[in-house]
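Q: Just need the structure, nothing else, for what follows:
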Amino acid sequence: MAASALLAVAVPAANASGTARASGAADEARATQRTTAAHRATGAPNGCDAARTALGRSLDTLVTRHGIPGVAAEVIGRDCGRWTAERGVADLDTGRPMRAADRLRIGSVTKTFTATVVVQLADEGRIGLDDPVERHLPGLIRGNGHDGRTITVRQLLQHTSGLPDHVEAIVARPVEEWRLRHFEPRELVATALAMPRPATGWSYSTTNYVVAGLIVEKVTGHGVEAEVRRRIIEPLGLRDTYWPGDHTRIRGPHSRSYFPAVGPAETARPGGTPLADGTEWNMSLGGAGGALVSTPGDVNRFFRGLFGGRLVSAHGLAEMKRTVPVDPERLWPGARYGLGLIASPLTCGGMWWGHGGTVPGGHRALGAIGPDGRGIALALNKVPDSQEAEADFLAAVDAGLCPADRAPHASSTDSTNGTESTTGTDSTNGTESTTSTNSNGTDQLRETE
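A: Numbers count the residues shown, from 1 in each chain. Below is the predicted model of the structure:
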């Protein structure tokens, strides 16, 4: 998978797509406390211990075999409540242990937030998913074979617009030229329009989501950042999720992030690749497609809110889950893409739904929901740099979402600063509806919360 590819993978109640229909993190916390109390009173199922062991082995592999300094995961489900696992260090200089509560840049997981707002606006009748871009942003997409009159909102969200990815052009420059500078959204679009057209019909492009963010702004009169805050972050109580703007530092407790050093290294893994600290970064490069800061806990809350019927209507979620085939070189074999959602097969059967993200400075994130409603969110402070490492990263998702007796697990048993804690085809326009093998997933999400 290309390093820039992931910047940068219910019955509605009233007002489904306006203010989110949730009492927020407080309700979920109370439900988690009830689940945890029940586990303490009766003893957690043996399968829960096996699941923690399987996921711990997968995280061990990422640290010991692939040189990721620190990895963390939070898993939440009806059977085992909410629990976390951490391996390695958040800061190579101080040796501070990695924590699942640490903030990180979540990269392209931001795309699902932006897509959710667009679908909310479609639920409200303010945007049509098959509207041409030209209707909302006249004249923006023109030239070099691109025409906003023939590109739809849906095609932006599912990466079938044919727009190149501005990220590829920018990251090809010396990093000092762009790491700390501000980019305007229309500047990013202009950069993409000057690039050669993608060779394939499906082509991952953060530019698509920059344009989607501009459409949100045009329709609502507010920036996409304000709409995501009002419609998602505040109603769901995502206290650690925010748009950094031009601030290059991450607020609050966070992991450092690392990327391979081109020049003299700031730090290095023992016997490994020299690494530079990439924590400070101006993420206007990603904008509506990659700028958010969050935590695994908030990412889990977001996806559970989305799939639990709190953010979009049942019809809206079905539209988000209408998928198209992807280029496996940009994602991975077996993956499909909907509207801001990746669907990926599990080894134990069924699909997980969610999204992954990377940022140039080194953070790697992923949030996913499995067929039974169990959720996992992962945080790495260095992007896996080989196909084997990426495969082991995805194996950790399997380990978190599959029953322990069927989940793949790594052979490594060594751990580095390892901790664990418990707190409880209908096709149209080339799309296919890919559904979970468990039809009760939404109900199970509600029961857990």
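Q: where does the chain dip in pLDDT?
A: Within the chain, the segments meeting pLDDT under 70 span 1-45, 262-273, 404-449.
Q: ok, which stretches of it are helices?
A: Secondary structure of the chain by DSSP state H: the helices cover 25-42, 46-64, 109-123, 133-136, 153-158, 166-171, 185-193, 206-220, 224-228, 234-236, 296-307, 314-320, 387-401, 441-448.
Q: Report the inter-axis angle for the longest one versus helix 387-401.
A: When you say that, I think you mean helix 46-64. Taking axes from the mean of the first three to the mean of the last three CA atoms, to 10 degrees, one finds helix 46-64 and helix 387-401 inclined to each other by 160 degrees.
Q: what helices or strands is helix 46-64 leaning on?
A: strand 70-77, strand 81-88, helix 387-401, strand 419-423 (3 or more CB pairs under 8 Å, 6 or more residues apart in numbering; DSSP states H and E). Where you see a C-beta, it was placed from the backbone N, CA and C, and this is true even at glycine.
Q: Could you identify which of those is most buried?
A: Ranked by mean neighbour count, those are led by strand 70-77 with a mean of 28 (mean count of other CB atoms under 10 Å).
Q: Once you drop chain neighbours, what's closest to the residue nearest in space to the middle of the chain?
A: Closest residue to the average C-alpha location of the chain: Val109 at 2.5 Å, with CA atoms, centre = their mean. Distance criterion CB to CB, 6 or more residues apart in numbering; nearest residue to Val109, sequence neighbours excluded, is Gly357 at 4.3 Å.
Q: Am I right that that neighbour is in contact with Ile106?
A: Yes: counting by CB atoms under 8 Å, Ile106 is a contact partner of Gly357 at 5.0 Å.
Q: Which of the two has more residues huddled nearby?
A: Ile106 (34 against 29; other CB atoms under 10 Å).
Q: Now do the phi/psi pair for that one.
A: phi -100, psi 0 (degrees, to the nearest 10).
Q: For it, which non-adjacent residue is spatially closest?
A: Nearest residue to Ile106, sequence neighbours excluded (CB to CB, 6+ apart): Ala365, at 4.1 Å.
Q: I figured that neighbour hits Ala377, correct?
A: Yes: counting by CB under 8 Å, Ala365 touches Ala377, with 7.3 Å between them.
Q: Looking at the two now, which is surrounded by more residues?
A: Taking other CB under 10 Å, Ala365 and Ala377 do not tie; Ala377 has more neighbours (30 against 26).
Q: what do Ala365 and Ala377 both touch?
A: Pro296, Val299 (CB atoms under 8 Å, 6 or more residues apart in numbering).
Q: returning to what we had before: out of the helices and strands packed on helix 46-64, nearest to Gly143?
A: Among the helices and strands packed on helix 46-64, the nearest to Gly143 by CB to CB is helix 387-401 (35.2 Å).
Q: Give me the distance between the two termini of stretch 185-199.
A: Its first and final residues considered, stretch 185-199 spans 24 Å by CA to CA, to the nearest Å.
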